[in-house]
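Chemist: Pasting the sequence and the predicted coordinates here, then a few questions.
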Amino acid sequence: MAMKMDFRIIVFCLALVGCGQAQNSSSDLVTEGQGCTSQAIPNQFIVKHLDHSIEVVRADSESEFVTGYMKKHAGQFLYAERDHMVRAYHQDANAQDVAPTIPTVSSADNWGPAKVHADTLWAQNIRGSGVLVAVVDSGMDLTQPQLQSQVYINPGESGTDAQGQPKQSNGIDDDKNGYVDDYAGYDFVANQPLKGDYQIHGTHVSGIVAAFHQDTTAAPQTYVQGMAPQAKVLPLAFLAANGFGLMSDGVRAMQYAVAAGAKVINASWGGEDCSQALRDEIAGLASKNIIFVTAAGNEAKNVDQHMEYPASLNLASQFTIGATGPYDLMAQFSNYGTSTVHIFAPGTDIISTIPGGMAALSGTSMATPFVTGAVALLLSAVPQATPTQVRQALYGSAVHSSNYINASQGRMDLGQILTQLQSEVATRP
Ligand SMILES: [Ca+2]
Ligand SMILES: [Ca+2]
């Protein structure tokens, strides 16, 4: 396509290419389709290259980017779009999106795993063994007692190099994957090895997925029961201390997760801006049998009509999760939608791990890792299951209510799910 830009389109922020549809090669700037939004980063752009890698390009202005970069590199990239912020989907007791202080608690009630009958699978020794779960979030406290043994260690940055130095800290990209010393996760905010959690969100989410069970040493009230305690967690940080992160960093983290071999990706975040790069990344997971589990969001709105991204994208291997409370009612904050929200899971007053202890948080951010953990359990039992088969098993084994405004009218339940999945795999290859 000829490099012919209509500057009114740039200036007035109208849609050139509607994000959310398949994107053909184009040299146009992809815009959100909903006009300018507050979360766009001024003069910062995501460039999707022909090899599908992501580059972040900064310019003095949008027109300078169009003339100075896009025109100069026409034909050398797939598309470009504005970079923007997304945010974590958890709330504090005052229903704020980001809590300044979170009171720690001394005991865990573990009502979530109990409600969805995770113990049915645990009793069959199905605990997520062999499944790598990427938690694309704010990082994770690598010293948290219930998580330190759950972290995925990169074998390519382990051991010693030819000089006898530990590969994890020698300043060399030993496995040549583009990241220096990425031994245990990676920090895409600071572009360095992961040191911990920028706040509490990623550690809390990771605990719901895979906190280690101290089964033989303590009562369940003293520890968090992770859904898949033998799965490995790959913590990839892109949300900073304020709960916001750059979409470009999130996409890079997802690419890292795929390259590392993750079978499930947990994304407890989103925003109102649609990113073509994120959409393409999620769409590409289906052919790799990777399941993307994301949060519906916490605005008590219908995301079929009032879009949130990635929640509303509704792609083939995407599961979008809303929240319920202990009495199995839809959480008052939860987003919903009969097309784009697929199933609900526990998300109110969820006690899980944080740096230095445990805390209760609410949000679709918390409901999402219950499903992520369940997917890890299922893939450890039936590794060949496809995203479609897992979705059908989740739907078929759910507890149903006409009050649940989601595609399955269901809240996840694992009591009968293994039989459901085995039937799906046998009958719908
Ligand atoms: Ca490396
Ligand atoms: Ca190294």
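Modeler: Looks like it arrived, so ask away. Residues are numbered from 1 along each chain as shown. Ligands and ions are numbered 1, 2, ... in the order given.

Chemist: Residue 358 contacts residue 108, doesn't it?
Modeler: Yes - using C-beta atoms under 8 Å, residue 358 makes contact with residue 108 at a distance of 5.8 Å. In short, each C-beta sits where N, CA and C put it, glycine included.

Chemist: So for these two, which sits in the more crowded spot?
Modeler: Using other C-beta atoms under 10 Å as the criterion, residue 358 and residue 108 rank with residue 108 on top: 24 against 21.

Chemist: Overlap in contacts, residue 358 and residue 108.
Modeler: Both residue 358 and residue 108 are contacted by 224, 351, 352, under the criterion C-beta atoms under 8 Å, 6 or more residues apart in numbering.

Chemist: Let me see the contact set for the last one.
Modeler: Residues touching residue 352, when contacts are defined by C-beta under 8 Å, 6+ apart, comprise 108, 203, 204, 205, 207, 208, 211, 224, 358, 359, 361, 366.

Chemist: And for the second one?
Modeler: By C-beta under 8 Å, 6+ apart, the contact list for residue 351 reads 105, 107, 108, 109, 110, 224, 358, 359, 360.

Chemist: for those residues, which one is nearest ligand 2?
Modeler: Closest approach to ligand 2 among the contacts of residue 351 (C-beta to the ion): residue 224, at 31.9 Å.

Chemist: What is the neighbour count of the residue nearest to that closest one when sequence neighbours are not counted?
Modeler: Distances taken as C-beta to C-beta, 6 or more residues apart in numbering place residue 211 nearest to residue 224, at 4.2 Å, with adjacent residues excluded. When neighbours are defined as other C-beta under 10 Å, residue 211 has 30 of them.

Chemist: With residue 241 instead?
Modeler: Residues lying near residue 241 (other C-beta under 10 Å) number 11.

Chemist: that's a strand at it, yeah?
Modeler: No - under DSSP: H, G, I helix; E, B strand; the rest coil, residue 241 sits outside any strand and is assigned coil.

Chemist: my guess is it contacts residue 199, does it?
Modeler: Yes - between residue 241 and residue 199 there is a contact under C-beta under 8 Å: 5.3 Å.

Chemist: which residues are in contact with both of those two?
Modeler: Listed as contacting both residue 241 and residue 199 by C-beta under 8 Å, 6+ apart are residue 138.

Chemist: Of the contacts of residue 352, which belong to helices?
Modeler: Of the contacts of residue 352, the ones assigned to helices by DSSP state H are 203, 204, 205, 207, 208, 366.

Chemist: Report how many residues lie close to the second one.
Modeler: Translated: residue 204. 34.

Chemist: contacting residues for it?
Modeler: 90, 350, 352, 353, 354, 359, 361, 365, 366.

Chemist: mind checking how far residue 412 is from residue 130?
Modeler: Residue 412 sits at a distance of 22 Å from residue 130 (criterion: C-beta to C-beta, to the nearest Å).

Chemist: Could you double-check that residue 258 sits in contact with residue 290?
Modeler: Yes - at 6.5 Å, residue 258 counts as touching residue 290 under the criterion of C-beta under 8 Å.

Chemist: So for stretch 125-135, mean pLDDT?
Modeler: The pLDDT scores in stretch 125-135 average 98.

Chemist: For it, which residues meet the burial criterion?
Modeler: Across stretch 125-135, burial judged by 16 or more other C-beta atoms under 10 Å covers 126, 127, 128, 131, 132, 133, 134, 135.

Chemist: Dump those to a markdown table, plus distance to ligand 2 and secondary structure.
Modeler: Shown next, in a markdown table, are these (distance: C-beta to the ion, whole Å; DSSP: H, G, I helix; E, B strand; the rest coil):
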| residue | distance to ligand 2 | secondary structure |
| --- | --- | --- |
| 126 | 35 | coil |
| 127 | 31 | coil |
| 128 | 28 | coil |
| 131 | 26 | coil |
| 132 | 20 | strand |
| 133 | 24 | strand |
| 134 | 20 | strand |
| 135 | 22 | strand |
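
Chemist: Find the centremost residue of this protein, please.
Modeler: By C-alpha atoms, centre = their mean, the chain has its centre lying nearest to residue 267, at 1.4 Å.

Chemist: if I pick residue 368, what's in contact with it?
Modeler: Per C-beta under 8 Å, 6+ apart, neighbours of residue 368: 89, 205, 266, 267, 268, 293, 294, 295, 321, 345, 347.

Chemist: tally of neighbours for the last one?
Modeler: Counted with other C-beta under 10 Å, residues neighbouring residue 347 total 34.

Chemist: Residue 46 in helix, strand or coil?
Modeler: In three-state terms, and counting by three-state DSSP, residue 46 is strand.

Chemist: List, one by one, the residues from this protein near ligand 1.
Modeler: Residues of the chain lying close to ligand 1 by C-beta under 5 Å from the ion are 173, 175, 177, 179, 182.

Chemist: Do a quick rundown of the helices in this structure.
Modeler: Under the criterion DSSP H, the chain contains helices at 7-12, 62-64, 111-115, 119-122, 201-210, 247-260, 276-283, 364-381, 387-397, 417-427.
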